[in-house]
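Student: Here is the input, now give the coordinates:
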Amino acid sequence: MTRGYISASFIFCMDIQASQNKEILIRRQAIEQRIHELAQEISRDYVGSALLLVGVLKGAFVFLADLIRQMTIPCEVDFVRLASYGAHTESSGNVMLIKDIEGSIENKDVLIVEDILDTGLTMTKLVEIFSQRKPMSLKVCTFLDKQGRRRVPFEADYVGFTIGNSFVVGYGLDCNEQDRSLPDVYIIKQ
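Tutor: This is a model prediction of the structure:
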């Protein structure tokens, strides 16, 4: 008889969903204001450029959609998907490119749009991959930055909010594919 494996993080997320043990960390109004500010800054920095924004799926899709609607410059959009978490709340450290972009980035200004910069492992790997493809410029914009969890040194060029080490959901961020649709960012309380 084969037994299935259920991770502790899956049980943790199931318990949280059942108890709704969440506390608002960042309200939607603050998110809207900060995205407007980021969009203005990015638009100023890339005036006259044909910017390509590359969203990191799945978590960054909400942030990316709101960001481009506030930008005042033309831009293209593409997506990548990487895996390092699986069904866990901790990064495994093994980063795999699951879905690549569809076109070339050679001689293009590229802005990677990420939901949360945590250990730095995933973003370091993606920047390494993209750098080998000879973009004109390559920068990173992250919605949330957990600087206290870095395993490797990495700094984003644009940061929405710097937060502590709590596990968060909402505004595109999930716990086992749940809570992405919440308009605010919540801390999961254990």
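Student: where do the strands sit along the protein?
Tutor: Remark: strands of the chain, listed N- to C-terminal, are 22-26, 51-57, 75-83, 96-99, 109-117, 137-145, 158-162, 168-169, 185-188; assignment by DSSP state E.
Student: For residue 63, find the nearest of the ones you listed.
Tutor: When the strands of the chain are ranked by proximity to residue 63, the top entry is strand 137-145, at 4.4 Å, counting by Cβ to Cβ. Every residue, glycine included, has its C-beta placed from N, CA and C.
Student: List the buried residues for that closest one?
Tutor: Across strand 137-145, burial judged by 16 or more other Cβ atoms under 10 Å covers 138, 139, 140, 141, 142, 143, 144, 145.
Student: Please report the distance of the last one from residue 185.
Tutor: What it means is residue 145. 13 Å (Cβ to Cβ, to the nearest Å).
Student: Overlap in contacts, those two.
Tutor: Overlap of the contact sets of residue 145 and residue 185 (by Cβ atoms under 8 Å, 6 or more residues apart in numbering) consists of residue 161.
Student: remind me, longest helix of this protein?
Tutor: In the chain, with assignment by DSSP state H, the single longest helix is helix 28-45.
Student: Which residue, neighbours along the chain excluded, lies closest to residue 185?
Tutor: With sequence-adjacent residues excluded and distances taken as Cβ to Cβ, 6 or more residues apart in numbering, residue 185 is closest to residue 26, at 4.1 Å.
Student: now swap in residue 97 and tell me
Tutor: Using Cβ to Cβ, 6+ apart and skipping residues adjacent in sequence, the residue nearest residue 97 is residue 82, 5.7 Å away.
Student: Contacts only, for that neighbour.
Tutor: Applying Cβ under 8 Å, 6+ apart, we find residue 82 in contact with 56, 95, 96, 97, 98, 122, 125, 126.
Student: Tell me how many other residues surround the fourth one.
Tutor: Right, residue 97. Other residues near residue 97 come to 13 when the count uses other Cβ atoms under 10 Å.
Student: wait, what's in contact with it?
Tutor: When the contact criterion is Cβ under 8 Å, 6+ apart, the partners of residue 97 are 80, 81, 82, 125, 126, 129.
Student: Go through the contacts of residue 82 and name the one with the lowest pLDDT.
Tutor: Taken together, the contacts of residue 82 show their lowest pLDDT at residue 95, with 82.
Student: Can you get me a residue count around the residue lying closest to that one once chain neighbours are set aside?
Tutor: If you skip the residues right next to it in sequence, residue 95 has residue 125 as its closest partner in space, 4.1 Å away by Cβ to Cβ, 6+ apart. Neighbour count of residue 125, defined by other Cβ under 10 Å: 17.
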